[in-house]
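Visitor: Structure for this input, please:
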Amino acid sequence: MNWVTGILVYVVIWWLIFFMALPFGVKPQENPEVGHEPSAPANPMLGRKALITSVIAAILWGIAFYIIDSGIITIGELPY
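Guide: Next up, the predicted model:
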């Protein structure tokens, strides 16, 4: 795996994990202001979720890198 492919794989893994983590721990506002969506989260904790996502994505990327680089799975062996 070259460095461009490695970065692309990490970005795809990161976004998948981030979108899966978004709904965790959010609660709607008790008394939303006029004009605000009642279901909008009061405190979405995006920074915390991005940090946790980065750690999980790095671990999963390391596993993917090992599998691809060691030759356990190669593109030539995949059925069409």
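
Visitor: burial count for residue 34?
Guide: As a burial measure, residue 34 scores 4 neighbours (other CB atoms under 10 Å). (Each C-beta comes from the backbone N, C-alpha and C, glycine too.)

Visitor: swap in the one 5 residues further on?
Guide: Burial measure for residue 39: 9 neighbouring residues, criterion other CB under 10 Å.

Visitor: Quick one: residues contacting the nearest residue to it once chain neighbours are set aside.
Guide: Sequence neighbours aside, residue 28 is the residue nearest to residue 39 in space, at 5.3 Å (criterion: CB to CB, 6 or more residues apart in numbering). Taking CB atoms under 8 Å, 6 or more residues apart in numbering as the contact definition, residue 28 lies against 38, 39, 40, 41, 42.

Visitor: what's the distance between residue 28 and residue 14?
Guide: 27 Å (CB to CB, to the nearest Å).

Visitor: And residue 76, by the same measure?
Guide: If you go by CB to CB, the gap between residue 76 and residue 14 works out to 28 Å.

Visitor: So which of these two has more stuff around it?
Guide: Applying other CB under 10 Å to residue 76 and residue 14 shows that residue 14 carries more neighbours, namely 18 against 4.

Visitor: Mind listing residues that contact the host helix or strand of that one?
Guide: Residue 14 is part of helix 3-21 when elements are defined by DSSP states H and E. Taking CB under 8 Å, 6+ apart as the criterion, the residues outside helix 3-21 that touch it are 1, 49-50, 52-54, 56-58, 60-61, 64-65.

Visitor: now what about the helix or strand following it, what contacts it?
Guide: Elements were assigned by DSSP H and E; along the chain past helix 3-21, the next helix or strand is helix 46-70. Surrounding helix 46-70, the residues in contact under the criterion CB under 8 Å, 6+ apart are 1, 6, 9-10, 13-14, 17-18, 21-22, 24, 72-73.
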